[in-house]
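> The following block contains a protein sequence and its predicted model.
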Amino acid sequence: MIVYHGSSHVIEVPEYNGSKKTNDYGYGFYTTESLELAKEWACADNRDGFTNSYEFEPEHLKILNLNAPEYNILNWLAILTRYRTYWQNGSIAEEAKDYLQRHFFVDPSEYDVIIGYRADDSYFTFAQDFVAGTISLSKLSEAMRLGKLGEQIVLKSKQSFAHIQFLEAIPADAQTYFEKKSVRDRDARREYRRAKRAPDGINELFMIDIMREGMRNGDPRLR
């Protein structure tokens, strides 16, 4: 398979543990199968960048696919609360983070590769709102699809880095792709505000309900 990594520079040899610990899934090399999205990520600071392309052979690697049927969005959220910073401290946020960690966390260190959502700035805001108890689970699930960010494919283990080979670096023009990224984020936030204002049904699940009911991974009410 071909994967892409957007960056300000050419990366012929990805560095193991060369990223920030506070990325979505901790240390790792973050890629996507979408060339267009990688170009947007390459120009995130409104400067020209490069979309580095690689041949990736995932066979024989242990893969955690958080979008597989056996997982739900709370598994993704539990990992996000472990690695990402700047969560709200008020409301039920602290208790909610602890609950997610205890009952939904899947340890990424046991896997070579992780596949899952990407928490762009707007998406991290949506996740924060759910953890703070201000939006329902269904609204969070809807919000995560608004900007069509697709999946991240994250190389986590040393072994996984032996399965990737550099192909080429494709220039990304900030004038084009920073604007595309900005529009995508702006549209997602606008649609989120609209959805957030919509009334919730009596059976909608909020974080407080999940904790009060003692819900665990695999609970059919979380589907």
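Arrived safely, thanks for sending.
> Now the element after the lowest-mean-pLDDT helix or strand in the chain, going C-ward?
None of the helices or strands of the chain scores lower by mean pLDDT, DSSP states H and E than helix 121-131, at a mean of 78. Downstream of helix 121-131, the first helix or strand assigned by DSSP states H and E is helix 137-143.
> Could you pull up the mean pLDDT of that following helix?
Across helix 137-143, pLDDT averages out at 84.
> quick one: buried residues of that helix?
Buried residues in helix 137-143, counted by 16 or more other CB atoms under 10 Å: 137, 139, 140, 142, 143. C-beta here means a position set from N, CA and C on the backbone, and glycine is covered the same way.
> got the contact list for the fourth one?
When you say that, I think you mean residue 142. Applying CB atoms under 8 Å, 6 or more residues apart in numbering, we find residue 142 in contact with residue 195.
> Which pLDDT value goes with residue 90?
58.
> just the helices in the protein please.
35-42, 73-83, 93-104, 121-131, 137-143, 158-161, 174-197, 207-212 (DSSP state H).
> pLDDT of the shortest one, averaged?
Summarised as a single mean, pLDDT over helix 158-161 is 94.
> Can you tell me what sits against it?
14, 16, 29, 58, 61, 112, 113, 155.
> Apply 10 Å and report the result again.
Here helix 158-161 makes contact (CB atoms under 10 Å, 6 or more residues apart in numbering) with 13-17, 28-29, 56-58, 60-63, 111-114, 153-155.
> Just those residues: which are in strands?
29, 56, 63, 113, 114, 153, 154, 155 (DSSP state E).
> Show me which of the residues you listed is closest to residue 166.
Distance to residue 166, by CB to CB, is smallest for residue 56 among the ones in strands among the contacts of helix 158-161, at 10.6 Å.
> Against residue 63, how distant is that closest one?
Distance, residue 56 to residue 63, by CB to CB, to the nearest Å: 11 Å.
> now residue 80
Residue 80 is 19 Å from residue 63, by CB to CB.
> can you count the residues close to residue 12?
For residue 12, the count of nearby residues is 11 (other CB atoms under 10 Å).
> Run through the bridge partners of the nearest residue to it once chain neighbours are set aside.
Once flanking residues are discounted, residue 12 sits nearest to residue 166: 4.6 Å by CB to CB, 6 or more residues apart in numbering. Residues in a beta bridge with residue 166, per DSSP bridges, are residue 54.
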